[in-house]
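**Q** Could you work out the structure for the sequence below:
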Amino acid sequence: MDMRRDSKAEAVQGEGLDSLVGKQVLLFCLNYIYLGKLIEVSESFVRLEKPSIVYDTGPFSTPEYTDVQPLHTCTWYVQRTAIESFGLGK
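**A** Have a look, this model is predicted:
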């Protein structure tokens, strides 16, 4: 696969998902939006602690999401190939 990028851009260690380990993150994925504390990042998956699915974010300007449903377990794995975008959660 031919990867193209700005010739001035450099890969910086500790950026992206790695920089969010230990923080509450929001993962926009192919089918669902996941919320939880990011506790592990591997080549193929990320692991969330106290995971939830966000069914309705509501306005992003409000302090809470409108509909968040906790999952039935303490940790949850999400395939990295399913993640469309990510960032800090509320």
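**Q** gap between residue 29 and residue 20?
**A** For residue 29, the distance to residue 20 equals 15 Å [C-beta to C-beta, to the nearest Å]. C-beta here means a position set from N, CA and C on the backbone, and glycine is covered the same way.
**Q** of the two, who's got more company?
**A** Shown here are residue 29 and residue 20; by other C-beta atoms under 10 Å, residue 20 has more neighbours (20 against 17).
**Q** any idea of the pLDDT on that one?
**A** Listed pLDDT for residue 20 reads 97.
**Q** give me the low-pLDDT residue ranges for the protein?
**A** 1-13 (pLDDT under 70).
**Q** the strands in it, which residues?
**A** Under the criterion DSSP state E, the chain contains strands at 24-29, 33-41, 45-56, 67-70, 75-79, 83-88.
**Q** In stretch 77-85, which of the residues would be classed as buried?
**A** Of all the residues in stretch 77-85, those buried under the rule 16 or more other C-beta atoms under 10 Å are 78, 83.
**Q** hmm, back to that, need the strands of the chain in TSV (columns: distance to residue 15).
**A** As requested, the strands of the chain are exported to TSV (distance: least, C-beta to C-beta, whole Å):
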stretch	distance to residue 15
strand 24-29	14
strand 33-41	12
strand 45-56	15
strand 67-70	27
strand 75-79	19
strand 83-88	12
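**Q** What are the neighbouring residues in contact with residue 46?
**A** Taking C-beta atoms under 8 Å, 6 or more residues apart in numbering, we find residue 46 in contact with 17, 27, 38, 40, 77-78, 80, 83.
**Q** which of the residues you listed lies closest to residue 59?
**A** Among those, residue 27 lies closest to residue 59 (C-beta to C-beta), at 19.5 Å.
**Q** Tell me what that closest one is bridged to.
**A** Taking DSSP bridges as the rule, residue 27 bridges to residue 34, residue 86.
**Q** for the residue nearest to the spatial centre of the chain, what are its contacts?
**A** Centroid-nearest residue in the chain, with C-alpha atoms, centre = their mean: residue 27, separated by 3.0 Å. Applying C-beta under 8 Å, 6+ apart to residue 27 gives the contacts 33-35, 46, 48, 78, 83, 85-86.
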